[in-house]
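In: mind folding the following:
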Amino acid sequence: MASSYNARFLSPINDDGDTHISACLDLNAGTSIDFLPVEILLKILQIVRDMSYDSHNHTTAQGLALYREQFDSPRGCASLSNGARWCEDEDLASPFLFPYAQAAVCSYWQEAMSQVPNFWTRIVVIMDDTRSSLSDISEQLTWSRDLLFEINVISPHDSCGSDEAGRVSAIIALLRPHTARCLALRFDVTHSSSLPSISADLDVRFDNLVALNLKARSPGNPRDYPLSVEHRIFTLPTVLQSLHLDGKNFVDLCISDPAWAVKFGESGRRVSLAISDLLSEDWLGKFSGIDFLRVIANIKWMTALKLTRVHFIMNQTWLETNRHAMALDVIQISALDLEDVSADVIFGLLMGCDFDWLRVANSELSYPPEADNLILDGVSASLDTYLQNWGGTFLFLKNCSGFEDNFLSRLQRINPFDFAQSSIYLPGLAEMHIVDCGDFSSTAVEEMMEGRRRQGVNGPAVYIDGCKQE
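Out: Numbering: from 1, shown residues only. Model prediction:
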């Protein structure tokens, strides 16, 4: 597919990566896109690249936009040298992802694009794709020159087999000379055993690292990959903004350097922390639920905390007795996200705490939470447990089987003195989103809204699967 051409780039790309270049081309006659003059080609590609930058122009309801700012930043907030930011909601495994789809058109396009460093500030490695060879990664790191870059290592399919860990190790080795320029390092692989060890593999300096994500879809068994024997202290970069650790790396960090959380807090940075796949049976005698809550309580630098598949069994009487020692620093934490988290961990985290944002997914609560903005996802229990006398303003319900016409009927009756609990008293509710919920009718929604209006209660604004109800 390559064209016959002779391109001579007479002046280099300037330091900020702009395409101020000159070219002398000896092109075959023809009108194919292969024969576009290089300056025109690169101007077009710049426009395509800009479409992959985050414009921050999210057209959505106000409350939902605020929710996404708190919880929907899966890859961390990494701004490039020019202040731009790659879109966070792009499918990194897409065959149309910039710049890979464009560089694959022909060798002419690839050579032209290799001269523009800011085209290569987002490096994506797909583990089971032959286009993500080590030589390809090395070239892309070279093409980014001295610019800051982010690297994303993903396994979109469960087909990497036993080679996944070896490939990750090779990528880390390849990355080592460039860590000073690394803005974001993100792994989203199949097996936890494939992830780099925060104590043994990431002991080099990441002076500009703002996002570190170590995630795996299959947690595996920690006994298959024991804690690091040689504990080389990993120093969290002072510019870090987003940290996601799998359970093994979190425990490894806590055991190898028990004071890591306190020491990092001395930098004054504010960080969003996520922890996934931490199960009590995996750490018997090494790390308990009480240990976990103590570490979390000592972290004073979190802006948000997200827990996914975290399970511990604890004594709730002991937790109540020691609630002040275990209490989260809610003055600092604006958002708490709990997905598939055991009841004892939730009880320990929520004791006496009032959060701005709280998301509970595939987990159960035993009492109404204290949160101004509440997201319930995959809740199978009665919503009364969560919402009776809840005092918040924003409610997001997704895949909640308890959301039905009877619930809506009781929601419209505003009676704070209804001790029989035939009504659900939510006077402050201003915005409610209903997504993929089951057996309810649009008529019941309309009657709820009208009933509340007749009683002098404004709102809520109701959105069903993203569409506002009038």
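In: which SS class is Asp344?
Out: helix (DSSP: H, G, I helix; E, B strand; the rest coil).
In: which residues are in contact with it?
Out: Taking Cβ atoms under 8 Å, 6 or more residues apart in numbering, we find Asp344 in contact with Gly289, Phe312, Ile313, Met314, Gln316, Leu319. Bear in mind the C-beta positions are built from the backbone N, C-alpha and C, glycine included.
In: give me the distance between the first one and Leu273.
Out: So that's Gly289. Going from Gly289 to Leu273 by Cβ to Cβ, to the nearest Å gives 17 Å.
In: over to the fourth one?
Out: If you measure Met314 against Leu273 using Cβ to Cβ, the figure is 20 Å.
In: ok, the fifth one next?
Out: Summarising the geometry, the distance separating Gln316 from Leu273, computed by Cβ to Cβ, is 24 Å.
In: do Phe264 as well
Out: If you measure Phe264 against Leu273 using Cβ to Cβ, the figure is 10 Å.
In: run a quick neighbour tally on the nearest residue to Gly391 once chain neighbours are set aside.
Out: Excluding the flanking residues, the one nearest Gly391 by Cβ to Cβ, 6 or more residues apart in numbering is Gly428, at 5.9 Å. A count of neighbours around Gly428, defined by other Cβ atoms under 10 Å, yields 14.
In: and for Phe149, the neighbour number?
Out: 25.
In: so what sits opposite it in the bridge?
Out: Note on Phe149: beta-bridge partners Cys182, judged by DSSP bridges.
In: what's the answer for Leu338, then?
Out: In this entry, Leu338 is beta-bridged to Leu307, Val360, by DSSP bridges.
In: kindly state the pLDDT recorded for it?
Out: What the model reports as pLDDT for Leu338 is 93.
In: right, and it touches Leu307 too?
Out: Yes - at 5.5 Å, Leu338 and Leu307 qualify as touching, with contact defined as Cβ atoms under 8 Å.
In: what sits in contact with each of the two?
Out: With Cβ under 8 Å, 6+ apart, Leu338 and Leu307 have common neighbours Val345.
In: Gln316 and Leu273: who's more crowded?
Out: Using other Cβ under 10 Å as the criterion, Gln316 and Leu273 rank with Leu273 on top: 21 against 13.
In: for Leu279, see how far away the more buried one is.
Out: Distance of Leu273 to Leu279, computed by Cβ to Cβ: 18 Å.
In: once you drop chain neighbours, what's closest to Asn249?
Out: Asn249 sits nearest to Ile198 (Cβ to Cβ, 6+ apart), 4.5 Å away.
In: nope, Ser409 is what I meant
Out: Ala444 (6.6 Å).
In: what kind of secondary structure is the residue nearest to Gly391 in?
Out: With three-state DSSP as the basis, the three-state label of Gly428 is coil.
In: just to be sure, Gln115 is in a strand?
Out: No - Gln115 sits outside any strand when classified using three-state DSSP, being coil.
In: for it, give its distance to Glu39.
Out: Plainly put, Gln115 is 11 Å away from Glu39 if you go by Cβ to Cβ.
In: given the helix or strand harbouring Lys468, what are its sheet partners and their directions?
Out: Using DSSP states H and E, Lys468 maps to strand 467-469. Applying DSSP bridges, strand 467-469 is found paired with strand 461-464 (antiparallel).
In: for the strand it pairs with, buried residues please.
Out: Ala461, Val462, Tyr463 (16 or more other Cβ atoms under 10 Å).
In: which residues touch that strand?
Out: Contacts for strand 461-464 (Cβ under 8 Å, 6+ apart): 61, 64, 430-435, 442, 445, 449, 468-469.
In: got the CA coordinates for that strand in CSV?
Out: C-alpha atoms of strand 461-464 as CSV (Å, rounded to 0.1, in the frame of the first residue of the first chain):
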residue,chain,number,x,y,z
ALA,A,461,-36.1,17.3,37.6
VAL,A,462,-36.5,13.7,36.4
TYR,A,463,-34.4,12.1,33.7
ILE,A,464,-35.3,8.6,32.3
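In: tell me which of Gln115 and Glu39 has more neighbours.
Out: Counted by other Cβ under 10 Å, Gln115 and Glu39 do not tie: Gln115 has more neighbours, with 20 against 15.
In: phi, psi of Met51?
Out: phi -70, psi -20 (degrees, to the nearest 10).
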